[in-house]
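> give me the fold of what follows.
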Amino acid sequence: MSIEGRPDRSRSIATIHAALDAGVTLIDTADSYHLLAGEVGHNEELIAEALQTWGGDTSDVLVATKGGHLRPGDGSWTVDGSPKHLREAVEGSLKRLGVDAIGLYQYHRPDNTVPYADSVGVLVELLDAGKIRMAGISNANPDQIREAQDVLGGRLVSVQNQYSPAFRSSQPELDLCAELGIAFLPWSPLGGIARAGELGDRFGAFARIAAAHHVSPQQVTLAWELAQAPVVIPIPGASRPETIRDSLRAAELILGPEEIAELDAA
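Down below sits the predicted model:
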């Protein structure tokens, strides 16, 4: 909604409202979800507006945001995991979201120039100061997950890594999260903005099983991910109300063991 191919603001708000109407209680964002220089936090502000204008009760809605990954506005992405930047980033996110404490704050991407423990250590500070309620990490490997859990004194609640039919190299991280009881949030679970619509064409097994259930390949994909472990919570993107409604129906789709095995092997 805030990067390439962004819809107009009214459609974005309508999409978030559709998700809330359908019972969504987790919304993921980041301060780097923007397109142009000078609009850091575009998506955070969009979500804040949607929550403020929705007619329902938002007390149970968890907004998860991230810091440490930057977009200068020239199409590139950079990282800054320095404690100084992360402390400043949290303050900006608090202001844009209009909250006293962020529900879930995640260190977005490791910065090889900064000791990982130093970056994660800021999350400890923020938890203890009451500026964030829960702490997570993103784009982490198994060693970093273990290190973060140690630095946080067992308070690591989530890991957000890329995972989809086309990208399965985060399986070790998913398995570790299942072992430790940490939520695993697959980002780009449908393959990303440009490829989500082609999912059925690229992976025949997902299309065949979708046809058998009379649902979309995207629903099958999300149901397959949910079946990987109880800790998996996919975070599909959407830019239209109808697509988020379709994705949410995946929670009701039960795949059989043979179907899951076929999809695992696809």
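
> going forward, measure contacts between C-alpha atoms and count neighbours the same way
Fine.

> would you map the helices across the stretch 101-250 of the chain?
Remark: helices assigned in the stretch 101-250 of the chain by DSSP state H, counting those that start in this stretch are 116-129, 142-151, 171-180, 199-202, 204-213, 217-226, 241-248.

> for the third one, packing partners?
Right, helix 171-180. For helix 171-180, the packing partners by 3 or more CA pairs under 8 Å, 6 or more residues apart in numbering; DSSP states H and E come out as helix 142-151, strand 183-184.

> now render the ones you listed as JSON lines, adding distance to G192.
Converted to JSON lines, those look like this (distance: least, CA to CA, whole Å):
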{"stretch": "helix 142-151", "distance to G192": "23"}
{"stretch": "strand 183-184", "distance to G192": "17"}
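
> give me whichever of these is most buried.
Highest mean neighbour count of these: strand 183-184, a mean of 24 (counted as mean count of other CA atoms under 10 Å).

> what's that one packed up against?
In this structure, strand 183-184 packs against strand 156-160, helix 171-180, with contacts taken as 3+ CA pairs under 8 Å, 6+ apart.

> pick the most deeply packed of the ones you listed.
Of the helices and strands packed on strand 183-184, the one with the most neighbours on average (mean count of other CA under 10 Å) is strand 156-160, at a mean of 24.

> who does that one pair up with?
Here strand 156-160 is paired, per DSSP bridges, with strand 132-138 (parallel), strand 183-184 (parallel).

> thinking again about what came up before, between the helices and strands packed on helix 171-180, which gets nearest to E4?
strand 183-184 (25.5 Å; CA to CA).

> for S169, give its distance to T58.
Distance, S169 to T58, using CA to CA, to the nearest Å: 35 Å.

> what is the nearest residue to P189 once chain neighbours are set aside paired to in the beta sheet?
Distance criterion CA to CA, 6 or more residues apart in numbering; nearest residue to P189, sequence neighbours excluded, is S164 at 4.6 Å. On the basis of DSSP bridges, S164 is bridged to F167.

> tally up the residues packed near T58, please.
12 (other CA atoms under 10 Å).

> pass me the low-pLDDT residue ranges in the protein, would you?
For the chain, no stretch is flagged by pLDDT under 70.

> so can I have JSON lines of the helices and strands packed on strand 183-184 showing distance to T243?
Formatted as JSON lines, the helices and strands packed on strand 183-184 follow (distance: least, CA to CA, whole Å):
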{"stretch": "strand 156-160", "distance to T243": "22"}
{"stretch": "helix 171-180", "distance to T243": "26"}
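
> using a markdown table, lay out the helices of the stretch 101-250 of the chain together with distance to D31.
A markdown table is the format used below for these (distance: least, CA to CA, whole Å):
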| stretch | distance to D31 |
| --- | --- |
| helix 116-129 | 16 |
| helix 142-151 | 21 |
| helix 171-180 | 24 |
| helix 199-202 | 28 |
| helix 204-213 | 33 |
| helix 217-226 | 26 |
| helix 241-248 | 22 |
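
> closest one to H85 among those helices?
Judged by CA to CA, the one of the helices of the stretch 101-250 of the chain that comes nearest to H85 is helix 116-129, at 9.6 Å.

> now stretch 64-83, how far from the centre of its chain.
Between the centre of stretch 64-83 and the centre of its chain there are 15 Å (CA atoms, centre = their mean, to the nearest Å).

> how about residues contacting it?
26-38, 44, 85-86, 89-90, 93, 102-111, 114, 118-119, 122 (CA atoms under 8 Å, 6 or more residues apart in numbering).

> repeat the analysis, applying 7 Å as the threshold.
Contact partners of stretch 64-83, identified using CA atoms under 7 Å, 6 or more residues apart in numbering, comprise 27-32, 35-37, 86, 89, 103-111, 114, 118-119, 122.

> please apply the same query to stretch 156-171.
Residues from elsewhere that reach stretch 156-171, judged by CA under 7 Å, 6+ apart: 134-140, 148-149, 182-191.
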